[in-house]
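A.B. asks: Sequence first, predicted coordinates after that:
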Amino acid sequence: MKRVSDAMNGLPSGHGGAGRLNAQPMHFLRTLFWVLIAVLVALFATRNWTNVTLNLWGDIQADIKAPVLLGVAFLIGWLPTWLVMRARLWAAQRRVETFERNQAATLAPAPPAPVPEEPLA
């Protein structure tokens, strides 16, 4: 889907012309940030790779590694929130597309009126 501002400028979708010079340094910083996060998570996981005993109901117990338990807890909290966000974005995108279609239909030029032919005398 093309954004309205990009379509009006004749640019492909997602290629804004204004901030193009700063795209590479920002991409580098984003990559550096994610690499740093990945290294910290790997260090945490290796330092804390111990069994944790979960007391479930009754006399049922489960042994699980601490980083795996934290990852599962993170996903349980993050996944529903992410799904709600994606659903709202999808609904908003549908509303915008409907609005744009209605605007295009409203702004479309009316067909020219037929010219009545004069009878030959």
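C.D. replies: Nice, I can see it. Bear in mind that the values here come from a model prediction, so they are computed numbers and not experimental data.
A.B. asks: tell me the contacts of Asn51?
C.D. replies: Applying C-beta atoms under 8 Å, 6 or more residues apart in numbering to Asn51 gives the contacts Asp63, Ile64, Lys65, Ala66. The C-beta positions use only the backbone N, C-alpha and C, and glycine is treated the same way.
A.B. asks: Pull up the distance across stretch 52-66, start to finish.
C.D. replies: Start to finish, the residues bounding stretch 52-66 are 6 Å apart (C-alpha to C-alpha, to the nearest Å).
A.B. asks: Looking at Arg94 now. What's its pLDDT?
C.D. replies: Looking at Arg94, its pLDDT is 96.
A.B. asks: Now do the phi/psi pair for it.
C.D. replies: phi -60, psi -40 (degrees, to the nearest 10).
A.B. asks: Can you report how many residues lie near it?
C.D. replies: Residues lying near Arg94 (other C-beta atoms under 10 Å) number 10.
A.B. asks: how close does it get to Pro80?
C.D. replies: 21 Å (C-beta to C-beta, to the nearest Å).
A.B. asks: Over to Leu69?
C.D. replies: 18 Å.
A.B. asks: Please, where are all the helices along this structure?
C.D. replies: 4-9, 23-47, 66-107 (DSSP state H).
A.B. asks: Could you give the average pLDDT over the shortest one?
C.D. replies: Taken as a whole, helix 4-9 has an average pLDDT of 49.
A.B. asks: Restricting to C-alpha, output stretch 82-92 in PDB.
C.D. replies: The C-alpha trace of stretch 82-92 is given here as PDB (Å, rounded to 0.1, in the frame of the first residue of the first chain):
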ATOM      1  CA  TRP A  82       1.200  -7.300  20.200                       C
ATOM      2  CA  LEU A  83      -1.800  -9.100  18.800                       C
ATOM      3  CA  VAL A  84      -4.100  -6.300  20.000                       C
ATOM      4  CA  MET A  85      -1.800  -3.700  18.500                       C
ATOM      5  CA  ARG A  86      -1.700  -5.500  15.100                       C
ATOM      6  CA  ALA A  87      -5.600  -5.800  15.100                       C
ATOM      7  CA  ARG A  88      -6.000  -2.100  15.800                       C
ATOM      8  CA  LEU A  89      -3.500  -1.200  13.000                       C
ATOM      9  CA  TRP A  90      -5.300  -3.500  10.600                       C
ATOM     10  CA  ALA A  91      -8.700  -1.900  11.500                       C
ATOM     11  CA  ALA A  92      -7.300   1.600  11.200                       C
END
